[in-house]
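In: Structure here, sequence nowhere to be found:
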Ligand SMILES: [Zn+2]
């Protein structure tokens, strides 16, 4: 899977995006990502990328999906402005592009991908429609991952 990760990093560079890696202590057992647009540059932040190889690949593919979608707009800032009025459909579009991006690599963990896509998308939808419920799910998810992590370490 290492070469899939490498090819995603190459694509990031080819599209003219930058990336940085950080820790997210509030979310210690999940890989997380986001993008920001500043002065017509798109920057991807990856959090806890060391936690899980598969999760980090799917997460970066999703963030690159946002990037590919953004390139369809007349400017990156137009994309990010439009994003905040259309979060749910834009999230789904990023996932469609993520699938396309991974299909161009030797990625073959599609069961994981589709499950993760559904979970992330539904979480986003819920966080807009029912933020308190979404936060509760997030806590449960982190607790479950912590349990898996502890079991792996024993
Ligand atoms: Zn997203």
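Out: Happy to help now that I have it. On a predicted model such as this, the values are computed, not experimentally measured, just so you know. Numbers count the residues shown, from 1 in each chain.
In: all contacts plus neighbour counts: C-alpha atoms, from now on.
Out: Will do.
In: which stretches of the protein form strands?
Out: In the chain, the segments counted as strands under DSSP state E are 18-22, 32-38, 41-47.
In: Put together CSV for those, with distance to residue 56 and mean neighbour count on each row.
Out: Conversion of the strands of the chain to CSV gives the following (distance: least, C-alpha to C-alpha, whole Å; neighbours: other C-alpha atoms under 10 Å):
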stretch, distance to residue 56, mean neighbour count
strand 18-22, 11, 13
strand 32-38, 8, 17
strand 41-47, 8, 20
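In: Same list (those) but as JSON lines, adding mean pLDDT.
Out: Shown next, in JSON lines, are the strands of the chain (pLDDT from 0 to 100):
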{"stretch": "strand 18-22", "mean pLDDT": "97"}
{"stretch": "strand 32-38", "mean pLDDT": "94"}
{"stretch": "strand 41-47", "mean pLDDT": "97"}
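In: Turn these into CSV, including distance to residue 54.
Out: Output for those, formatted as CSV (distance: least, C-alpha to C-alpha, whole Å):
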stretch, distance to residue 54
strand 18-22, 16
strand 32-38, 12
strand 41-47, 14
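In: how about those, which one is nearest residue 121?
Out: strand 32-38 (13.3 Å; C-alpha to C-alpha).
In: helices or strands up against the closest one?
Out: On a contact count with 3 or more C-alpha pairs under 8 Å, 6 or more residues apart in numbering; DSSP states H and E, strand 32-38 meets strand 41-47, helix 53-70, helix 76-83.
In: Who are the contact partners of the most centrally placed residue in the chain?
Out: Computing the C-alpha centroid of the chain and ranking residues by C-alpha atoms, centre = their mean puts residue 59 first, at 3.2 Å. Residue 59 is in contact with 31, 32, 33, counting by C-alpha atoms under 8 Å, 6 or more residues apart in numbering.
In: quick one, longest helix in this protein?
Out: helix 131-153 (DSSP state H).
In: Quick one: residues in contact with that one.
Out: Counting by C-alpha under 8 Å, 6+ apart, 27, 28, 29, 30, 123, 126, 127 sit against helix 131-153.
In: residues contacting the fourth one?
Out: For residue 30, the residues meeting the contact criterion (C-alpha under 8 Å, 6+ apart) are 48, 51, 52, 142, 145.
In: Could you check how far residue 26 is from residue 147?
Out: According to C-alpha to C-alpha, to the nearest Å, residue 26 stands 16 Å off from residue 147.
In: And those two? Which one has more around it.
Out: Shown here are residue 26 and residue 147; by other C-alpha atoms under 10 Å, residue 147 has more neighbours (13 against 8).
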